[in-house]
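Got a predicted structure here, sequence first:
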Amino acid sequence: MAADIALASAGLPGAPVFEGAAALVAAAALTVGLRACGRPESTTDWRTAIRAAAHDAARDLPGTGLVLLAATTCFLCT
């Protein structure tokens with residue numbers, strides 16, 4: 001993903017749109033991955049945990065925003 005963003009910032013047409021879309025996809029993947037880690041199913045069946053976490057992320061937008069805010073804060077502090 002980082003290589004794609006680096007190539008897009010090299011001046012290719014449509015780069016700003018691609019960078020924005022790539023950032024949204026990365027944020028969604030991070031949020032769903034972190035929510036899946038907190039589910040009890042993650043110890044036995046990852047696919048079920050990821051599906052349930054994606055469903056939870058879509059239903060609980062304030063909670064998803066908090067997870068994303070916590071991950072951003074952690075990134076900025078480190």
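That came through fine.

Distance from the chain centre to the longest helix along the chain, please.
Secondary structure of the chain read by DSSP state H shows that its longest helix is helix 15-37. Chain-centre distance of helix 15-37: 4 Å, with C-alpha atoms, centre = their mean, to the nearest Å.

With just CA atoms, put it into CSV.
Extracted C-alpha coordinates of helix 15-37, given in CSV (Å, rounded to 0.1, in the frame of the first residue of the first chain):
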residue,chain,number,x,y,z
ALA,A,15,-3.1,11.0,-7.8
PRO,A,16,-5.0,13.0,-5.2
VAL,A,17,-8.1,10.9,-5.7
PHE,A,18,-6.1,7.7,-5.4
GLU,A,19,-4.3,8.9,-2.3
GLY,A,20,-7.6,9.7,-0.6
ALA,A,21,-9.2,6.4,-1.6
ALA,A,22,-6.1,4.5,-0.4
ALA,A,23,-6.2,6.4,3.0
LEU,A,24,-9.8,5.4,3.4
VAL,A,25,-9.2,1.8,2.6
ALA,A,26,-6.2,1.7,5.0
ALA,A,27,-8.2,3.3,7.8
ALA,A,28,-11.1,0.8,7.3
ALA,A,29,-8.7,-2.2,7.3
LEU,A,30,-7.0,-1.0,10.4
THR,A,31,-10.3,-0.4,12.2
VAL,A,32,-11.8,-3.7,11.2
GLY,A,33,-8.6,-5.5,12.1
LEU,A,34,-8.5,-4.0,15.6
ARG,A,35,-12.1,-4.7,16.2
ALA,A,36,-11.6,-8.3,15.1
CYS,A,37,-8.8,-8.7,17.6
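
Show me what it is in contact with.
Helix 15-37 is contacted by residues 1, 4-5, 8-9, 12, 42, 46, 49-50, 52-54, 56-57, 64, 67-68, 71 when judged by C-beta atoms under 8 Å, 6 or more residues apart in numbering. C-betas here are computed from N, CA, C, even on glycine.
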